[in-house]
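1. okay, here's the prediction I keep looking at, along with the sequence it came from:
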Amino acid sequence: MLLNNNQARNQSRRQFLLKGSIASIGLLLGGPAVFSRPYLVSNDPGSKFFGVQIGVITYSFRSMPGSAEQILQYITNSGISAIELMGDAVEEYAGKPVNQVQMPPRVAGQPPKLTDEQKAQMSAYAKQVADWRAAVSMDKFAEIRKIYNKAGVSIYAFKPNALGANNTDAEIEYALKAAKTLGATSVTVELPTDPAQSKRLGELGEKHKVYIGYHAHTQATDTAWDTALSQSPYNSMNLDCGHYIAAGGNNTKETLLALIEAKHDRITTMHIKDRQTKINGGNNKPWGQGDTPLKEILNLLKAKKYDIPATIELEYEIPAGSDAVKETKNCLLFAKNALGA
């Protein structure tokens, strides 16, 4: 990344969306035709080694412009053949209403302070998006799947901002339908603090036969997912191995590997990053320099033949002269070497 670790954590979602929105103008005006450029059609990048699928999440490329076309190019340039696709660029491609609300300047570490007028405008925009999601055709999502697959990239998980407690059932069902259309077997979302929400999501996931993969940060423990997992067979884990290690306390390399073995049939996806333990600072580091047992994790997936995509989530500071694509390639090379490929 172009930001240090603290800056990365404070980078606003609004900035990320703004860059993606600006970059997507040409795509939205040009429609599917812009995807016909020959350089987007490549041989399968092939990032599956000994049965272990190495993927990447869109978030890894947040320091770069983020249209659906550009994201696909980053993936293939990185040598990756599978993606946990976030919703922003895809929804823009499908015609999601543009947010016209003028937000105040962001102050790092603080929530935006909105006027009553801005709050009303945001509420109206949320209603507009909800109505769009409830009625939108899946045709554009089918187009994205076809385009990505043609370039040798499969979509195994979908992460739209439509699965929260404030989203309607219609929005959640839209997200699950879109995931299936994209070819994903799961959607991913932060682990709710309210069990009623994970129960709600699990029931809708079961209705549509799409897994809900819950992601945790440093609140992760061996039992953090137990309530959600008990509520529905379609509630699952999106296990972030780096965050688990950074939490410290009872979380160790040994307990992480044991957790993967114990819950492997309930883990639909993983996030792979190298973080230090809490006592060592908890920082994100280039792969091989932190405390996350990356080699052991990857070789456990290989030895046990667990069908769990290992998703590169690039969060360490990008060195001068590099970029997110180059660093993703370095992570992929680390994984490949670790697996003996």
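-> Happy to help now that I have it.
2. and the strands in the chain?
-> For the chain, the strands defined by DSSP state E occupy 48-49, 52-57, 82-86, 154-159, 186-190, 211-215, 235-240, 267-272, 274-275, 284-285, 310-312.
3. buried ones in the fifth one?
-> Under the neighbour-count criterion of 16 or more other Cβ atoms under 10 Å, strand 186-190 has 186-189 buried. To be clear about C-beta, it is placed using only N, CA and C from the backbone, and glycine gets the same treatment.
4. what's the angle between that strand and strand 267-272?
-> 60 degrees (axes from the mean of the first three to the mean of the last three Cα atoms, to 10 degrees).
5. the third one now?
-> Counting by the same axes, to 10 degrees, strand 82-86 lies at 90 degrees to strand 267-272.
6. for strand 82-86, packing partners?
-> If contacts are counted by 3 or more Cβ pairs under 8 Å, 6 or more residues apart in numbering; DSSP states H and E, strand 82-86 sits against strand 52-57, helix 68-77, strand 154-159.
7. make TSV out of these and add mean neighbour count, distance to L204 and mean pLDDT.
-> Output for these, formatted as TSV (neighbours: other Cβ atoms under 10 Å; distance: least, Cβ to Cβ, whole Å; pLDDT from 0 to 100):
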stretch	mean neighbour count	distance to L204	mean pLDDT
strand 52-57	25	23	98
helix 68-77	22	26	96
strand 154-159	24	14	98
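8. please name whichever of these is nearest to D226.
-> strand 154-159 (21.7 Å; Cβ to Cβ).
9. is it true that Y93 touches A142?
-> No: judged on Cβ atoms under 8 Å, Y93 makes no contact with A142 at a distance of 11.5 Å.
10. of the two, which one has the most company?
-> Y93 (22 against 14; other Cβ atoms under 10 Å).
11. pLDDT wise, what is the more buried one at?
-> Looking at Y93, its pLDDT is 97.
12. not counting residues beside it along the chain, what's closest to it?
-> A68 (4.6 Å; Cβ to Cβ, 6 or more residues apart in numbering).
13. now do the same contact list for Y148.
-> Going by Cβ atoms under 8 Å, 6 or more residues apart in numbering, Y148 touches 72, 83, 154-155.
14. shaky segments in the chain?
-> Low-confidence segments of the chain (pLDDT under 70): 1-45, 108-109.
15. how about the most centrally placed residue in it, what does it touch?
-> Centroid-nearest residue in the chain, with Cα atoms, centre = their mean: I57, separated by 4.4 Å. When contacts are counted by Cβ under 8 Å, 6+ apart, I57 touches 83-84, 86, 159, 271, 311-313.
16. hmm, 7 Å instead?
-> 84, 86, 271, 311, 313 (Cβ atoms under 7 Å, 6 or more residues apart in numbering).
17. just L229 next, same as before
-> 235, 266.
18. likewise for S232?
-> Contacts of S232 by Cβ under 7 Å, 6+ apart are 202-203, 205-206.
19. and with 8 Å instead?
-> 199, 202-203, 205-206, 212.
20. and if you look at D291?
-> 245, 253, 274-277, 280.
21. can you check G51 too?
-> G51 neighbours (Cβ under 8 Å, 6+ apart): 301-302, 305, 307.
22. change it to 10 Å
-> G51 is in contact with 301-307, 339, counting by Cβ atoms under 10 Å, 6 or more residues apart in numbering.
23. thought the residue nearest to Y93 was touching I147?
-> Yes: checked against Cβ atoms under 10 Å, the pair A68 and I147 is within contact range at 8.0 Å.
24. on that earlier part again, whichever of the contacts of G51 end up buried, select them in ChimeraX.
-> To isolate the buried ones among the contacts of G51 in ChimeraX, judged by 16+ other Cβ under 10 Å, type:
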select :301,302,306,339
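25. returning to that earlier point: taking the contacts of D291 one by one, which sit in helices?
-> Mapping the contacts of D291 onto helices (DSSP state H) picks out 245, 253.
26. give me the buried subset of the contacts of D291.
-> 245, 253, 274-277.
27. who's the nearest residue to A179 once chain neighbours are set aside bridged to?
-> With Cβ to Cβ, 6+ apart as the criterion, A179 has its nearest non-adjacent residue at 4.0 Å, and that residue is F158. In this entry, F158 is beta-bridged to L85, V187, by DSSP bridges.
28. ok, F158 - contacts?
-> Contacts of F158 (Cβ under 10 Å, 6+ apart): 83-87, 90, 141, 175-176, 178-188, 210, 213.
29. buried set for stretch 96-111?
-> In stretch 96-111, counting by 16+ other Cβ under 10 Å, buried: 96, 99.
30. quote the end-to-end distance of it.
-> 25 Å (Cα to Cα, to the nearest Å).
31. what about that stretch, distance to the chain center?
-> 21 Å (Cα atoms, centre = their mean, to the nearest Å).
32. and stretch 180-190, by the same measure?
-> 10 Å.
33. with just CA atoms, put that stretch into CSV.
-> Taking C-alpha atoms only, stretch 180-190 is exported to CSV below (Å, rounded to 0.1, in the frame of the first residue of the first chain):
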residue,chain,number,x,y,z
LYS,A,180,-25.1,-17.1,-7.1
THR,A,181,-25.3,-15.3,-10.4
LEU,A,182,-21.6,-14.3,-10.1
GLY,A,183,-20.7,-17.9,-9.4
ALA,A,184,-19.9,-17.4,-5.7
THR,A,185,-20.7,-20.0,-3.1
SER,A,186,-20.7,-17.5,-0.2
VAL,A,187,-21.1,-13.9,0.7
THR,A,188,-18.9,-12.3,3.4
VAL,A,189,-19.8,-9.9,6.1
GLU,A,190,-18.5,-8.8,9.6
